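**Q** Predicted coordinates and the sequence they were generated for:
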Amino acid sequence: MTLSLEQVSVELAREKILSSISFRLEKGAIYALIGHNGAGKSTVMKTIMGWQEKKDGRILIDEVDQDRQFADFKRKLSYIPEEPFLLSELTAMQHFQLYGQSYHIEEAVLNERVKRYAEKFEIEDKLNEYPESLSKGMRQKVQTICALLPDVPVLLVDEPFMGLDIYAADYLEYLLLEKARKGTTILLTSHQLDRMRQLADYFIMLKHGRIDQQGLMKDFEGLSRRFYHE
Ligand SMILES: Nc1ncnc2c1ncn2[C@@H]1O[C@H](COP(=O)(O)OP(=O)(O)OP(=O)(O)O)[C@@H](O)[C@H]1O
């Protein structure tokens with residue numbers, strides 16, 4: 001097991017946003033976190049990242065406890081957020097270097113990966129630009145590359161295809177599959193069901209901050225008709 005949540009609850013403004021969420025993810029599998037707007041998908045991601053405080057519960061990656069060993073826990077995890085959060089005073093390349101340092105990536109490996117990803121995502125001529133002079137899609141690409149640079153056991157991916165052009169979205173899909181094949185566990189949210197069908201092995205369906213159903217992605221079809229039309 002890589003990532004596990006044990007009865008995690010979150011409250012915001014005294015409202016229960018997540019109620020006793022528990023799941024255990026298998027190494028190298030891709031999980032689709034599915035649910036209506038407001039079901040709590042991003043809150044699950046932010047809580048795993050430690051950006052959102054939990055009221056109860058435990059979160060572990062490979063037995064490392066989020067509460068007890070936060071720095072070790074964070075190095076086992078990277079995140080492609082719904083909205084990029086780039087630093088205005090750093091260029092694209094400086095962002096990549098910052099990630100390289102935080103995750104202790106060897107310099108030669110980092111440079112090789114930056115070159116590969118920047119070329120494939122078509123931003124190789126933007127490496128010395130600051131976020132304000134990049135388009136929204138380009139900012140998203142920079143953020144996406146940051147999260148893909150380290151080899152971590154767990155990758156969280158929140159609605160990654162939205163602002164990307166079709167080539168970038170296809171390439172990201174390919175990379176996520178490649179990462180999973182090499183052993184990374186991926187927790188992914190997207191409203192693009194076609195992409196989820198291509199990618200995910202399993203689904204976890206959230207409803208009003210609770211887990212409603214979970215199972216194999218191939219069994220989701222019948223459920224999805226009911227889920228999206230009830
Ligand atoms: N900062 C906040 N303060 C209060 N409530 C919040 C806050 N952020 C989110 N919520 C509430 O938490 C619930 C879950 O939101 P969340 O963003 O996790 O949903 P989601 O499933 O990711 O939705 P979407 O598909 O729209 O991205 C919603 O009811 C939302 O209104």
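**A** Yep, that arrived. Residues are numbered from 1 along each chain as shown.

**Q** quick one: contacts of the host helix or strand of Phe73?
**A** Assigning secondary structure by DSSP states H and E places Phe73 in helix 70-74. Here helix 70-74 makes contact (CB atoms under 8 Å, 6 or more residues apart in numbering) with 49-50, 59, 61, 64-66. Where C-beta positions appear, they are placed from N, C-alpha and C, glycine not excepted.

**Q** Just the buried positions in the longest helix along the chain, please.
**A** Using DSSP state H, we find that the single longest helix of the chain is helix 166-181. Buried residues in helix 166-181, counted by 16 or more other CB atoms under 10 Å: 168-169, 171-172, 175-176, 179-180.

**Q** is the next helix or strand along the chain from it up against the ligand anywhere?
**A** The element immediately downstream of helix 166-181 (helix or strand, assigned by DSSP H and E) is strand 185-189. No: residues of strand 185-189 are not located near the ligand by CB under 6 Å from any ligand atom, the shortest gap being 6.6 Å.

**Q** Report the distance from the next helix or strand after strand 185-189 to the chain centre.
**A** Moving toward the C-terminus from strand 185-189, the next helix or strand (DSSP H and E) is helix 193-199. Relative to its chain's centre, helix 193-199 lies at 15 Å (CA atoms, centre = their mean, to the nearest Å).

**Q** could you pull out the helices for this structure?
**A** Counting by DSSP H, the helices of the chain are 41-49, 70-74, 92-102, 107-120, 136-148, 166-181, 193-199, 220-229.
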